[in-house]
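S.K.: Next comes the sequence, and after it the predicted model I'd like to discuss.
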Amino acid sequence: MSVRAELVRLGTRWFLKPGGRRGTIAQARQRLAAAQFLIPSPPAGATTQTVDAGGVGADRIVMPGSNRNRHVLYLHGGAYAIGSPACYRHLTWRIAAAARACVLAVDYRLAPEHPFPAALDDAVAAYRSMLAEGVAPRKLAIIGDSAGGGLALALLLKLRDDGLPLPAAAVALSPWTDLAVTGASLARNARADPMLVAEMVPWLARHYLAGADPRNPYASPLYGDPAGLPPTLFHVGSDEILHDDAVRMADKMRAAGCSVELEVWRRMPHVWHLFAPVMPEAHRAIARIGAFVVALTPPA
């Protein structure tokens, strides 16, 4: 583990974890907005265009090396309550470069104003819009982090159940797959996790669910039948409170006959890929994602 990664762990524990304790969603959004100026801009040559994706706002990110026939649909994290594609522009261009793909980052509606299944409905609409534009499913991957990782897996279940063609691959980064909050790592890693606060997870789940069954597979894909889902790569840190959300989902998919690659990265914080500007492990993880997507979406 690099010195920079250890410094990131220390910094998140001192500056981010205290801010993740009980407040209001509005306060969390204000903190994110105040810190947005720290997010690095994409490099010269990157193009970011705001588009309409089936009635849903989205960013389309294209790099000079992007193959116009390879696509990624990206679903951001933020507990279904905060975040936007704009907050992820320092990551999505890197994914576009690593995967040599065009990335569509979806600005799905947020809870509590728009509870379940609004985010899923928007993700489905964006996926349908890509198909309508002529994107071939065999040249498409779905990637999501944290809540967006759970949403990506829920989207796969919904697409399959609706009879739509599935993408070639999926990547789930530190995914939140269990809104019933039963993972043992929530307690086991509560102190070790340098970023997330375990006691906040049930509260955030209630904001998104708004009374819906937390074991509904479209909210918590851990409770669905994953048979037939495409090859999926999981990344999770060993100390994360959501460690078991990733591991149990990967195990369930593998048991159902799915092709699964689970990588547990030692001592990495939640979605460490976001720290690519300062952390070498983030660069290696993004390169791994790119290689996975390229291998499953080969040139015609």
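M.R.: Nice, I can see it.

S.K.: buried stuff in stretch 114-134?
M.R.: Of the residues in stretch 114-134, 114-131 count as buried by neighbour count, 16 or more other C-beta atoms under 10 Å. Where you see a C-beta, it was placed from the backbone N, CA and C, and this is true even at glycine.

S.K.: which residues make contact with that stretch from outside it?
M.R.: For stretch 114-134, the external contacting residues (C-beta atoms under 8 Å, 6 or more residues apart in numbering) are 52-56, 58, 71, 73, 75, 80, 104, 106, 108-111, 137, 140, 142, 147, 151-152, 154-155, 158-159, 162, 164-165, 207-210, 212, 216, 218-219.

S.K.: Now, of these, which are buried?
M.R.: Using 16+ other C-beta under 10 Å, the buried members of the contacts of stretch 114-134 are 53-54, 56, 58, 71, 73, 75, 80, 104, 106, 108, 110-111, 137, 140, 142, 147, 151-152, 154-155, 158-159, 207-209, 212, 216, 218-219.

S.K.: Take those and keep only those in strands.
M.R.: Those of these mapping onto strands are 58, 71, 73, 75, 104, 106, 140, 142, per DSSP state E.

S.K.: Just the helices from the stretch 1-150 of the chain, written as ranges.
M.R.: 3-11, 25-35, 89-99, 118-132, 147-161 (DSSP state H, counting those that start in this stretch).

S.K.: what's the answer for the stretch 201-300 of the chain, then?
M.R.: Under DSSP H, counting those that start in this stretch, the stretch 201-300 of the chain gives helices at 243-255, 280-296.

S.K.: Give me whichever of those is most buried.
M.R.: Among these, the stretch with the highest mean neighbour count (mean count of other C-beta atoms under 10 Å) is helix 243-255, at a mean of 21.

S.K.: Stretch 212-231: which residues count as buried?
M.R.: 212, 214, 216-224, 226, 229-231.

S.K.: of all those, which comes closest to Gln36?
M.R.: When those are ranked by distance to Gln36 (C-beta to C-beta), Ala219 comes first, at 28.2 Å.

S.K.: Please read off the pLDDT at the closest one from the model.
M.R.: Looking at Ala219, its pLDDT reads 98.

S.K.: From what I see, it and Ala210 are in contact.
M.R.: No - between Ala219 and Ala210 there is no contact under C-beta atoms under 8 Å: 10.4 Å.

S.K.: What about the closest residue to Trp93 other than its chain neighbours, how many residues nearby?
M.R.: Leaving aside its sequence neighbours, Trp93 sits nearest to Pro42 (C-beta to C-beta, 6 or more residues apart in numbering; 4.2 Å). Per other C-beta atoms under 10 Å, the neighbour tally for Pro42 reads 17.
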